[in-house]
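Asks: Attaching a predicted model along with its sequence, questions to come.
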Amino acid sequence: MTTLGGVVLRIRCTVEDLLRVSIAEHPAPLGELTLAMQMLQRRDPHPAFAPWRHRMARTFAVEGSPLAQLVSPLGAGPLFLDPPSSTVDEGVDRVMSASRVDVRAELERVCAIDRPRTPWVRGLAERDKEAWEVLERALRSAYRATLAEVWPRLRASFHAETAWRARVLARDGLRATLTGLSPSIRWRDMTLEIDFPREVDITLTGQGISLQPSLLWASHPLVARHGDGPLVLIYPALTPLPLLTSGEAADPLSGLLGATRARALRALTFDRTTSELAKELSVTVAAASLQTKTLRAAGLVVSQRDGKAVRHRCTHLGLDLLTSGWSPGLDEVMTPAPVSRPRT
């Protein structure tokens, strides 16, 4: 498990909170935009997001750059910047109507973490008209540059992700669902602990928790609370947006896992070694091993060492996912081509 220097976010739950755990119904355009801005500022060598950052650096509109003064690569940003909404227009309208009290409080909070107190930020706090016009242009311009074209693909994958989590919740229960969101999450009595960049304690009083996957965030889980609603627990989706291709919206399984992992899961309806799987997928052995590692972490395959080789096969949960109507062409993978194995 990767930790952040022993620093922890603690969410102290009541029984009522656990009874009110829900899964978000739709992605939030401004929420994903804010997280995209945060990922753009990070410099960690993430295998999916490093090429994506390079592309976005060429296409990101200049007018969107002021947002970097508000959102941090640590995952911190003012809550008024990404209110709950199902469309970007609705979200921008809510941002522009945020109360002066909330705006000031949130700007104070993020500036205390690591954001600069620039003249523009001070203008936002004072409700300066020109500053807020710059903010509106930045939000709309940044959305067009980063999300507008890929939004249908993102939305399809979001729904595949949430459907998958709902199946895990129904099959394996709440504990497995919550701790399965990220390797950094664990239970301690009635407290959810998450490795985090800073020490934070949150005590819930029955409002519940809403699980919100993000396809544009690939670090530690985040939390947000809007008004008296449930605590929003934002976690990285199983497959981030940069790994999805345009054709995957029609295949929910690929939308959830990515095309290569979906093919790997279908192939593993029959026992295969890592080398055999690599040959089936036309990838390197190292790449096949990486796919099985991710599928194993999601509880979809099981691996067992057999001499010098490692064999992999679908778990009951993986087979359940494949046979539930998610996966087209399953009849084909149920009759695989013969695989030659060495004689013993």
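Replies: In hand now; what should we look at?

Asks: Endpoint to endpoint, stretch 169-186 covers what distance?
Replies: For stretch 169-186, the first-to-last residue distance is 16 Å (CA to CA, to the nearest Å).

Asks: now the helices for the stretch 151-300 of the chain?
Replies: Secondary structure of the stretch 151-300 of the chain (DSSP state H, counting those that start in this stretch): helices at 151-172, 174-179, 252-257, 259-267, 274-281, 285-297.

Asks: With respect to Leu35, which of those helices lies nearest?
Replies: The minimum distance between Leu35 and the helices of the stretch 151-300 of the chain falls on helix 151-172, with 11.3 Å, by CB to CB. Every C-beta, even on glycine, is put in place using the N, C-alpha and C of the backbone.

Asks: centre of the chain versus the closest one, how much separation?
Replies: Its chain's average C-alpha position is 11 Å from that of helix 151-172, according to CA atoms, centre = their mean, to the nearest Å.

Asks: One more: stretch 83-99?
Replies: The answer for stretch 83-99 is 21 Å, by CA atoms, centre = their mean.

Asks: swap in stretch 74-90?
Replies: Taking mean C-alpha positions (CA atoms, centre = their mean), stretch 74-90 and its chain are 15 Å apart.

Asks: Which residues outside that stretch are in contact with it?
Replies: 26, 28-31, 33-35, 37-38, 67, 70-71, 91, 94-95, 98, 102-103, 106-107, 109-110, 113-115, 139-140, 143, 147, 197-198, 217, 219-220, 222, 224-226, 229 (CB atoms under 8 Å, 6 or more residues apart in numbering).

Asks: ok, back up a step: which one of the helices of the stretch 151-300 of the chain has the most crowded surroundings?
Replies: helix 252-257 (a mean of 26; mean count of other CB atoms under 10 Å).

Asks: In PyMOL, select just the buried ones from the contacts of stretch 74-90.
Replies: Per 16 or more other CB atoms under 10 Å, the buried members of the contacts of stretch 74-90 correspond to this PyMOL selection:
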select buried, resi 28+29+30+31+33+34+35+37+38+67+70+71+91+94+95+98+103+106+107+110+115+139+140+143+147+197+217+219+220+222+224+226
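
Asks: Restricted to helices, list the contacts of stretch 74-90.
Replies: Per DSSP state H, helices hold the following members of the contacts of stretch 74-90: 29-31, 33-35, 37-38, 91, 94-95, 102-103, 106-107, 109-110, 113, 139-140, 143.

Asks: Can you tell me how far Val71 is from Ser254?
Replies: According to CB to CB, to the nearest Å, Val71 and Ser254 sit 30 Å apart.

Asks: Over to Pro242?
Replies: From Pro242 over to Ser254 (counting by CB to CB), the distance is 14 Å.

Asks: Report the secondary structure state of the residue nearest to Ser219 when sequence neighbours are not counted.
Replies: Once flanking residues are discounted, Ser219 sits nearest to Gly75: 6.4 Å by CB to CB, 6 or more residues apart in numbering. With DSSP: H, G, I helix; E, B strand; the rest coil as the basis, Gly75 sits in coil.
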